[in-house]
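Got a predicted structure here, sequence first:
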Amino acid sequence: MAKVSVANNVTRSNRKWIIGYSIAAFVLFITYQFLIPWDGLPSGIYQVVNRWMPPSAVNESLVYVIMALGLNIVVGYAGLLDLGYVAFWAIGGYCAGWFMSEFFYFLNIHFFGSVPAEAPGIHINFWMVLVIGGFVCALFGILIGAPTLRLKSDYLALVTLGFGEIIPQVFFNGENFFGFNISNGTRGIVRVDPIPVGVKDLGPFDFGWKLLIFLFLAAVMVFISLRLRRGRLGRAWLAIREDELAASMMGVPLMRTKLASYAVGAFAGGLGGVAFATHVDGVYAERFNFTISIFLLAMVVLGGMGNVWGVILGAFVLSWVNGTGLSAFSRVYNDSFGTKVDFASYTFLLFGLVLILMMLFKREGLLPESRLKLMLHEEDLDEKDASGSKRKVGK
């Protein structure tokens, strides 16, 4: 009965969060698409929103949400420390560059694309490229995970760090990869096809439809994460995270279960990579560096490792602060006090301080998962029980 009660409480809590997410998504879309006069004379609300929360910042934050939810499956559910997650972001981005641009100019392949039929290159529909990018990354996740997931803790982190450095460097120097140009090197792949939304002449409202699509993709990842978390595979991941030896003794196939987490997490990385390529309208090798992996890991840990809604909060807050928040605060602060302090240049200093404070005072994150919170505070509970038993003995 206790297990049924806990499951019902979790279901009710998730239902509330889903309703809240849907309302927030609807309000965001209506506000940015119809209420703010982007094509007219700048008004007061236009200036405030454009300074603190421009459409590009919201869209980029949603891409980080997609990526962080994928990493949460690997780190938060299965307990596997991955320091090379940016590799999947890069692979997904270049899938968009290969299949939604004129990069392969010597070909002329069109399949429900959003550009004229006479345009050279490969032009496949955005939704199909999402699936292609996801499955290509899932395949690479299995290939990378198969020889490395036998390692544990720090050794696994170091190996994933190595892959996270190798794959972006392959693309960075991919202008001559065994005689083939696979990435255009440092110049990148410029101009990927726009997302077909079925509405012509969008004009200044293009970002609103991107916002709606990115909200939908984030919702898909939320759905996948919650369904897997409650299923047999999700329970196997949690068992491995809490005690790998006990899980193996109970019959959990360790290697297969870990590979599944890597594949699903990599699939989300592919979705994020394709979405990001359409967001910035290109694929640029310098965007896929090691700091992105650490940034994503910080989103998962600070938001609440293992908690879908905490990860969303952590991803949105950190990406906004890094992309727009500090710059906007710098402008307001300098205008008010007549100074020239560039707070954006202290991004990593501030992140480091936040990480230290969070690990000291709130290790479980902003919105912690209940099971992980109990694990992290197990010593405190034992001390309370011990002190309570001492008082009873003294009486």
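Structure received.

Tell me which residue lies nearest the centroid of the chain.
residue 67 (1.8 Å; Cα atoms, centre = their mean).

pretty sure that residue is touching residue 89, no?
Yes. Here residue 67 reaches residue 89: they are 6.2 Å apart, a contact under Cβ atoms under 8 Å. Every residue, glycine included, has its C-beta placed from N, CA and C.

hmm, back to that, quick check: the residue nearest to the centre of the chain vs residue 159, distance?
20 Å (Cβ to Cβ, to the nearest Å).

Repeat that for residue 212.
The gap separating residue 212 from residue 159 is 39 Å, by Cβ to Cβ.

Next: residue 285.
Counting by Cβ to Cβ - residue 285 and residue 159 are separated by 22 Å.

who has more neighbours, these two?
Taking other Cβ atoms under 10 Å, residue 285 and residue 159 do not tie; residue 285 has more neighbours (24 against 19).

out of everything not next to it in sequence, what's closest to that one?
Counting by Cβ to Cβ, 6 or more residues apart in numbering, residue 172 is the residue found nearest to residue 285 once chain neighbours are left out, at 4.2 Å.

which secondary structure elements does the helix or strand the residue nearest to the centre of the chain falls within contact?
If you go by DSSP states H and E, residue 67 is part of helix 55-72. Applying 3 or more Cβ pairs under 8 Å, 6 or more residues apart in numbering; DSSP states H and E, one finds that helix 55-72 contacts helix 206-230, helix 254-280, helix 290-304, helix 308-320.

ok, residue 29 touching residue 210?
No. The criterion here is Cβ under 8 Å, and residue 29 misses it with residue 210 at 10.5 Å.

which one of the two has more residues nearby?
Using other Cβ under 10 Å, the more surrounded residue of residue 29 and residue 210 is residue 210, with 23 against 15.

I'd assumed residue 196 was in contact with that one.
No. Using Cβ under 8 Å as the test, residue 210 is too far from residue 196 to be in contact (11.9 Å).

what does stretch 292-302 rub up against?
64, 67-68, 71-72, 75-76, 82-86, 89, 161, 164, 311, 314-315, 318-319, 322, 351, 354-355, 358, 365-366 (Cβ atoms under 8 Å, 6 or more residues apart in numbering).

where does that stretch sit relative to the chain's centre, distance-wise?
9 Å (Cα atoms, centre = their mean, to the nearest Å).

what mean pLDDT does stretch 364-375 have?
For stretch 364-375, mean pLDDT rounds to 77.

my bad, should have said stretch 109-125
Taken as a whole, stretch 109-125 has a mean pLDDT of 90.

export that stretch as CSV, just CAs?
Provided in CSV are the C-alpha atoms of stretch 109-125 (Å, rounded to 0.1, in the frame of the first residue of the first chain):
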residue,chain,number,x,y,z
ILE,A,109,18.6,15.5,-53.4
HIS,A,110,15.3,16.9,-52.1
PHE,A,111,12.8,15.2,-49.9
PHE,A,112,10.0,17.4,-48.6
GLY,A,113,12.6,20.2,-48.0
SER,A,114,11.9,23.9,-47.5
VAL,A,115,13.9,25.2,-50.4
PRO,A,116,13.3,25.3,-54.2
ALA,A,117,13.9,22.0,-56.0
GLU,A,118,16.7,23.5,-58.1
ALA,A,119,18.9,24.3,-55.1
PRO,A,120,22.0,22.1,-55.0
GLY,A,121,22.9,19.9,-52.1
ILE,A,122,20.9,17.6,-49.8
HIS,A,123,17.6,19.1,-48.5
ILE,A,124,15.6,16.7,-46.3
ASN,A,125,12.6,17.8,-44.2
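
Please work out which residues outside it touch it.
98-108, 126, 128, 132, 193-196.

mind running it again at 6 Å?
99, 101, 102, 104, 105, 107, 108, 193, 194, 196 (Cβ atoms under 6 Å, 6 or more residues apart in numbering).

number of nearby residues for residue 25?
Count around residue 25 with other Cβ under 10 Å applied: 18.

ok, it to residue 237 distance?
27 Å.

which of the residues in the helix or strand that contains residue 235 are buried?
Using DSSP H and E, residue 235 sits within helix 232-242. Neighbour-count burial for helix 232-242, counted by 16 or more other Cβ atoms under 10 Å, picks out 233, 234, 236, 237, 238, 239, 240, 241.

What of stretch 348-364?
Under the neighbour-count criterion of 16+ other Cβ under 10 Å, stretch 348-364 has 351, 358, 364 buried.

And for residue 259, nearest residue in space, chain neighbours not counted?
residue 145 (5.1 Å).

Am I right that the one you found is in a helix?
Yes. Under DSSP: H, G, I helix; E, B strand; the rest coil, residue 145 sits within a helix.

for the residue nearest to the centre of the chain, what are its contacts?
Residue 67 neighbours (Cβ under 6 Å, 6+ apart): 272, 296.

if we go to 7 Å?
The contact partners of residue 67, by Cβ atoms under 7 Å, 6 or more residues apart in numbering, come to 89, 268, 269, 272, 296.

What's the local residue count around the last one?
Yep, that's residue 296 we're talking about. 29.
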